[in-house]
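Participant: mind folding the following:
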Amino acid sequence: MSSQQRWHKHSGSESVAEALKVLNPTAKQWDAIDTIMENHITCLTGAVRSGKTWSILFAIPLLIHEHRNQNILISAKTLANIERNILGPLRQIYGAKYVGQVKNKKEVTLFGKVCWLV
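Facilitator: Okay, the predicted model is just below:
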């Protein structure tokens, strides 16, 4: 199932419906999201402005919705990088209702699910 089909399948979820209102991915971005969704571990690398951050910001609500019963880990070189590059933009897009504040420097609640940070 493509990411586009997954989004429409989960469009009843409030956070997913909110994302659909805000974001309008291109075909290239859908391809990147498909790659993210097909893997249990995703390591994003590539040139500046190649769509890495945008793709993960779009995919996170869907990943959390589909893997609600599993552990979710977000990793970066530093926790400050996670805050600046992932959590901050997620808050701007989806709001504080769906993207919590970091607790104990190791966890954050995203879309109702506690996620681990390393």
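Participant: check which residues of the lengthiest helix in the chain are buried.
Facilitator: In the chain, assigned by DSSP state H, the helix with the most residues is helix 52-66. Residues of helix 52-66 classed as buried: 52, 54-65 (neighbour count, 16 or more other Cβ atoms under 10 Å). (C-beta placed from N, C-alpha, C; glycine too.)
Participant: stretch 62-80 too?
Facilitator: Across stretch 62-80, burial judged by 16+ other Cβ under 10 Å covers Leu62, Leu63, Ile64, His65, Ile72, Ile74, Leu79.
Participant: and which of those is nearest to Asn104?
Facilitator: Using Cβ to Cβ, Leu79 is the member of the buried residues of stretch 62-80 that sits closest to Asn104, with 10.9 Å.
Participant: can I assume the closest one is in contact with Trp116?
Facilitator: No. Under the criterion of Cβ atoms under 8 Å, Leu79 makes no contact with Trp116, lying 11.3 Å away.
Participant: so for the longest helix of the chain, mean pLDDT?
Facilitator: The predicted model assigns helix 52-66 a mean pLDDT of 79.
Participant: what is that helix packed up against?
Facilitator: helix 3-9, helix 14-22, helix 27-38, helix 88-94, strand 107-110 (3 or more Cβ pairs under 8 Å, 6 or more residues apart in numbering; DSSP states H and E).
Participant: quick check: Val118 touching Lys106?
Facilitator: Yes. Under the criterion of Cβ under 8 Å, Val118 makes contact with Lys106 at 7.5 Å.
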